[in-house]
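S.K.: Sequence and predicted structure, then a few things I'm wondering about:
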Amino acid sequence: MKKGISEDKAELLIREQQLRREVYNTIVSLTENVDEDMLQKSINNLDQSSWMELVEERYLGRICGFPLCNNAVKMKKSQKYRIDLRSKKIFERSADVDKFCSRDCFLRSAAVKAQLEVEPLWIRGNSQSNFPNYCMSVVYTSVLQIQNCVLPFSLSTSNNYLLFCHFLI
């Protein structure tokens with residue numbers, strides 16, 4: 001009986017190693033230039049944390065952190081804080097924005113990340129997602145008008161605009 005339990009543990013460890021390798025290979029494949037079809041096919045292997053690892057790898061390779069963009073980015077030594085003279089407040093500056101060539105790519109990446117699972121693939125056990133297709137674009141609007149849409153994540157506000165990704169039913 002004891003041998004059966006250790007065999008089960010060994011099988012689980014082997015499966016976990018395979019899934020971790022699958023996530024690693026996905027990150028490596030997405031560090032190069034990819035199209036939307038390839039990204040859609042492989043994105044289910046990623047979780048929010050591995051998405052940020054992908055963004056970091058692309059940034060270290062000096063390309064935009066969003067996998068569908070091939071623009072170069074400059075490695076900046078940015079200030080840690082930003083002072084808003086109008087409101088007389090000090091804000092901590094996010095270095096994540098510097099990993100993208102534009103604000104649009106940053107927002108697109110944030111929208112994709114918000115759709116990803118929180119748990120990694122080796123804990124989930126499969127690469128199936130609740131969403132068959134991930135939204136890769138963002139829509140800016142000052143008035144929220146959603147009809148027949150399902151939003152898989154909470155809306156974020158930025159500069160009086162709403163960022164949302166929509167899925168038509």
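M.R.: The structure has been received and is ready for your questions. Numbering: from 1, shown residues only.

S.K.: From the contact counts, what lies against the helix or strand where residue 27 lies?
M.R.: Assigned by DSSP states H and E, residue 27 belongs to helix 2-30. Under the contact criterion of 3 or more CB pairs under 8 Å, 6 or more residues apart in numbering; DSSP states H and E, helix 2-30 touches helix 36-42, helix 48-60, helix 121-124. In this view, the C-beta of every residue, glycine as well, is placed from N, C-alpha and C.

S.K.: Extract the CA atoms of the last one and return them as CSV.
M.R.: Taking Å, rounded to 0.1, in the frame of the first residue of the first chain, the C-alpha atoms of helix 121-124 are listed here in CSV:
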residue,chain,number,x,y,z
LEU,A,121,-1.0,25.7,-15.0
TRP,A,122,0.7,23.1,-12.8
ILE,A,123,-1.8,23.7,-10.0
ARG,A,124,-4.8,24.0,-12.3
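
S.K.: In it, which residues are buried?
M.R.: Neighbour counts using 16 or more other CB atoms under 10 Å place 121, 122, 124 of helix 121-124 among the buried residues.

S.K.: The last one: what's it in contact with?
M.R.: Think residue 124. Contact analysis of residue 124 by CB atoms under 8 Å, 6 or more residues apart in numbering lists 47, 117.

S.K.: so how far is residue 32 from it?
M.R.: Distance, residue 124 to residue 32, by CB to CB, to the nearest Å: 25 Å.
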